[in-house]
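> sequence first, predicted model second:
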Amino acid sequence: MWPEALYKYVVPARIDVLLSRKIRFTQGCFLNDPFEFRPGMPIADAGGLGRFEAKRALNGAAFFREKARLYGVLSLTEKSDSIPMWTHYAAAHTGFVIAFDTASEAFRTALEEKKLCQVQYQDKRPDLARYPTTIFWTKSRDWEYEQEWRWLESDDPSEYADVVAAPNGELLYLRSIPPQSIRAVILGLRTTSAVSESVQTLLAAPDCRHVELQKVFLDEGHYKLRVGPLPR
């Protein structure tokens, strides 16, 4: 079963996602985990088969490095109330979370076409025997708390809605996000009034009036976050 919603934690500047209706699919080479898109290397054995496998793995590694420059990844999560993710990915609660409806056409199609898949966590790195897809949706168990779902696009960059150059020289691959696919926006504990007001203004547009505005709160008795509606 698919979750009813998948969430994207963003920093305050990413209010441009709501403004432009476009979201970045990050190339694998720019993801924060250095193990991304890197197959494990087999251990050589005395019979020499390991050396053959190692050579094949080296060739495969070059292939994956190329894909890491071209494939775009949208990382999402099942959790809207993760304490570490609110801190790390939403600028210590000054940002917000976008909740996407998996029943919407764009997300349902991505799920059915297996472009959007649940990340698997394990101790052993994938090897080339599991090529061509497993490596893109496998991470270390250290990341398991993120409960990630990953949308992978292998299209040529020219097929994205927009490709723009960032100040640091990176190319940003942007895809259109239909407003109908957004079901809620969750403000952080420290979201500024300026960001909050901007979000509310954008959600007042006719095609966004279905989007619920929510906020994260501290649980009074436990080290937990709660998400509840915010009147507007």
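Now that the structure is in, tell me what you want to look at. Residues are numbered from 1 along each chain as shown.
> can we go C-alpha only for contacts and neighbour counts from here?
OK.
> okay, the residue nearest to the spatial centre of the chain: pLDDT?
The residue lying closest to the centre of the chain (CA atoms, centre = their mean) is residue 75, at 1.0 Å. pLDDT, residue 75: 97.
> my guess is it contacts residue 149, does it?
Yes. Using CA atoms under 8 Å, residue 75 is in contact with residue 149, at 6.2 Å.
> so for stretch 116-135, mean pLDDT?
Across stretch 116-135, pLDDT averages out at 79.
> for that stretch, list every residue counted as buried.
Neighbour-count burial for stretch 116-135, counted by 16 or more other CA atoms under 10 Å, picks out 116, 117, 118, 119, 120, 121, 126, 127, 128, 134, 135.
> again, but for stretch 223-232
225, 227.
> and it, average pLDDT?
So the average pLDDT for stretch 223-232 ends up being 88.
> also stretch 203-216?
Stretch 203-216 shows a mean pLDDT of 95 in the predicted model.
> likewise for stretch 92-99?
98.
> please enumerate residues in contact with that stretch?
For stretch 92-99, the surrounding residues in contact (CA atoms under 8 Å, 6 or more residues apart in numbering) are 5-13, 80, 86-87, 90, 182-192.
> make it 7 Å
Stretch 92-99 is contacted from outside by 5-12, 86-87, 90, 182-192, using CA atoms under 7 Å, 6 or more residues apart in numbering.
> residue ranges for the strands of this structure, please.
Counting by DSSP state E, the chain has strands at residues 5-10, 22-24, 26-27, 72-77, 96-101, 116-118, 120-122, 138-140, 148-153, 162-165, 171-176, 182-187, 212-218, 225-229.
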